[in-house]
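Trainee: below is the sequence, then the predicted model.
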Amino acid sequence: MTTIKRSALLLFAGLFGFATLHTATAQGGKDSGNHDVTIQVTKINDITVNGAPTIDIGQNIDTWVDGDDAGSYDVETNVNDTRIITVSASQTGSATIENYGLRLNTGNSQAPGDGSFPGNGSTFVLTDVGDTGFPNNGNVLVRDFQQVGEFGLSLDYQAKVNYEFNPGNDAGVEVTYTLTSSGS
């Protein structure tokens, strides 16, 4: 009788082991699994202008006078083609435009990334005494940079007035910076 019990026990253990092995095989028998993860990035192409620069001419007529260096800009772009920054200006004050000049002193500024200032020497003239408008509107201020995140880049303005400039009228100028592709 003991032999029958042992045989039954052995048969039961064998069937149990086969059932366990069969279940593991039915589940695919894999010891690893995988799936794809997608990382999505949104296009960034931003320029922000900060500050409200003031230039106090005092009694310095017909001389370029430095501003208070209160202007700066931030540039962020992850676009992989060459970028440029163009600049344009428009009058907002009541002064006669022919009696004042405004320019950027790019010699004291840093261009974003590997960019450069293609301007006339170390200045970018928005308007000069005697001009009836803003002759350099839409011209390139900074060229040839890609994929940067730079903040607090300085905008150093200089102004000049002639003797006909009325000291009771402020010369207000709105300066606009545009970040685009060099091909557009």
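Mentor: Perfect, I can see it now. Residues are numbered from 1 along each chain as shown.
Trainee: quick check: closest non-adjacent residue to Val79.
Mentor: In space, and not counting its chain neighbours, Val79 is closest to Asn45: 5.6 Å by CB to CB, 6 or more residues apart in numbering. (Each C-beta comes from the backbone N, C-alpha and C, glycine too.)
Trainee: now do that neighbour against Val148, distance only.
Mentor: Asn45 is 11 Å from Val148, where distance means CB to CB, to the nearest Å.
Trainee: of those two, which one has the most company?
Mentor: More crowded of Asn45 and Val148, by other CB atoms under 10 Å: Val148, with 17 against 13.
Trainee: quick one: end-to-end length of stretch 134-153, please.
Mentor: 23 Å (CA to CA, to the nearest Å).
Trainee: if we go by neighbour counts, what in stretch 71-91 is buried?
Mentor: Buried residues in stretch 71-91, defined by neighbour count with 16 or more other CB atoms under 10 Å: 71-73, 75-77, 83-89, 91.
Trainee: now render those residues as TSV, adding pLDDT and secondary structure.
Mentor: Output for the buried residues of stretch 71-91, formatted as TSV (pLDDT from 0 to 100; DSSP: H, G, I helix; E, B strand; the rest coil):
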residue	pLDDT	secondary structure
Gly71	93	strand
Ser72	94	strand
Tyr73	95	strand
Val75	97	strand
Glu76	97	strand
Thr77	96	strand
Arg83	96	strand
Ile84	96	strand
Ile85	96	strand
Thr86	96	strand
Val87	96	strand
Ser88	97	strand
Ala89	97	strand
Gln91	95	strand
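Trainee: I'm done for today, thanks for sticking with me.
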